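# 3D model of this:
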Amino acid sequence: MTKINLPDERGFNQIFAPVGSTPLRARRRHDWFVAEARRTGAGRILELGCGSGDAAAHVAAATGAEVLAVDISEKFLDHARAAHSLPNLGFAKLDLLNDDLDRYGRFDLIFGNGILHHLVQHLNAVLVALHNLSNANGGLAFIEPNFLNPYCAFIFGTRVGRRFAKLEPDEMAFTPGELRRALPAAGWRDATVATRDFLLPGLPDAVARPILAIEPALEATALTRWLAQSHFISARA
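The predicted structure is shown next:
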């Protein structure tokens, strides 16, 4: 179903090829980050795990805010710098667990797409570190996989699925309860975890169209909402 577009230096799958439903799915997510930036009135924004740089460029172009996009992979950063050039957009290498974070200052919004589930073993420390990087009342906006979704349960919860998806050893999807407990424990307030999005990456148009048609009803119904693919997470420092 999904194809690897850009693996990292170790060969793990990090970015899907832009085929089928993948570009639309990415654009919807980028638009949500823009909406969160506007909702929080963010003038200085950090993207964690920027990968190809597409989301950071979209947010920078749409908001005019200063956007710093960081990643641990030089390969991804080289790709991002070659693909995107805006006066209010910068890229830098950052290892969240080991580097000095103070050198980049504070931010009004910190966001990321599919990043926290790479850091499950250090989740509390990561959320505390992000809180410390935030200005007073700064926002947090992340999209993470829902372990209760059947596709995610296969990918993250079975040996065959993990090999198929080329996951890192410590990657793991979240249940909504795990996130709702972790955020306030790390000092975040007004946390919301909205589970939605039934559009898997890499679907052909013939499959994606009917999913898009019924998706609003699925997301509006408690009986089906919990099966959606992703958690849309927001909180305030």
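
# Centroid-wise, who is the farthest residue in this protein?
What lies farthest from the middle of the chain is Ala206; by Cα atoms, centre = their mean that is 26.3 Å.

# Output the host helix or strand of that residue as PDB - backbone C-alpha positions only.
Under the criterion DSSP states H and E, the helix or strand holding Ala206 is helix 205-220. The C-alpha coordinates for helix 205-220 follow below in PDB (Å, rounded to 0.1, in the frame of the first residue of the first chain):
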ATOM      1  CA  ASP A 205      -8.100   7.400  -5.900                       C
ATOM      2  CA  ALA A 206     -10.800   4.800  -6.400                       C
ATOM      3  CA  VAL A 207     -10.400   3.800  -2.800                       C
ATOM      4  CA  ALA A 208      -9.700   7.200  -1.300                       C
ATOM      5  CA  ARG A 209     -12.900   8.900  -2.700                       C
ATOM      6  CA  PRO A 210     -15.400   6.700  -0.900                       C
ATOM      7  CA  ILE A 211     -13.400   7.000   2.300                       C
ATOM      8  CA  LEU A 212     -13.500  10.800   2.100                       C
ATOM      9  CA  ALA A 213     -17.200  10.700   1.500                       C
ATOM     10  CA  ILE A 214     -18.000   8.700   4.700                       C
ATOM     11  CA  GLU A 215     -15.200  10.100   6.800                       C
ATOM     12  CA  PRO A 216     -17.200  13.000   8.400                       C
ATOM     13  CA  ALA A 217     -19.800  10.500   9.600                       C
ATOM     14  CA  LEU A 218     -17.200   8.100  10.900                       C
ATOM     15  CA  GLU A 219     -15.500  10.900  12.800                       C
ATOM     16  CA  ALA A 220     -18.700  12.300  14.200                       C
END
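
# tell me what it is packed against?
Contacting helix 205-220 under the criterion 3 or more Cβ pairs under 8 Å, 6 or more residues apart in numbering; DSSP states H and E are the following elements: helix 222-225. Bear in mind the C-beta positions are built from the backbone N, C-alpha and C, glycine included.

# Which secondary structure elements does the helix it packs on sit against?
Partner elements for helix 222-225 (3+ Cβ pairs under 8 Å, 6+ apart): helix 205-220.

# that older thread, residues of the helix holding Ala206 that come out buried?
Neighbour-count burial for helix 205-220 flags 208, 212, 215, 218-219 (criterion: 16 or more other Cβ atoms under 10 Å).

# Just name whatever secondary elements the lengthiest strand in the chain is in contact with.
In the chain, with assignment by DSSP state E, the single longest strand is strand 134-145. Contact here means 3+ Cβ pairs under 8 Å, 6+ apart; on that basis strand 134-145 packs against helix 22-40, strand 107-113, helix 150-157, strand 230-236.

# mind running it again at 10 Å?
helix 22-40, strand 44-48, strand 107-113, helix 123-132, helix 150-157, helix 176-185, strand 189-196, strand 230-236 (3 or more Cβ pairs under 10 Å, 6 or more residues apart in numbering; DSSP states H and E).

# Distance from the chain centre to that strand, please.
Once both centres are worked out by Cα atoms, centre = their mean, to the nearest Å, strand 134-145 turns out to sit 11 Å from its chain's centre.

# any idea of the angle that strand forms with helix 123-132?
140 degrees (axes from the mean of the first three to the mean of the last three Cα atoms, to 10 degrees).
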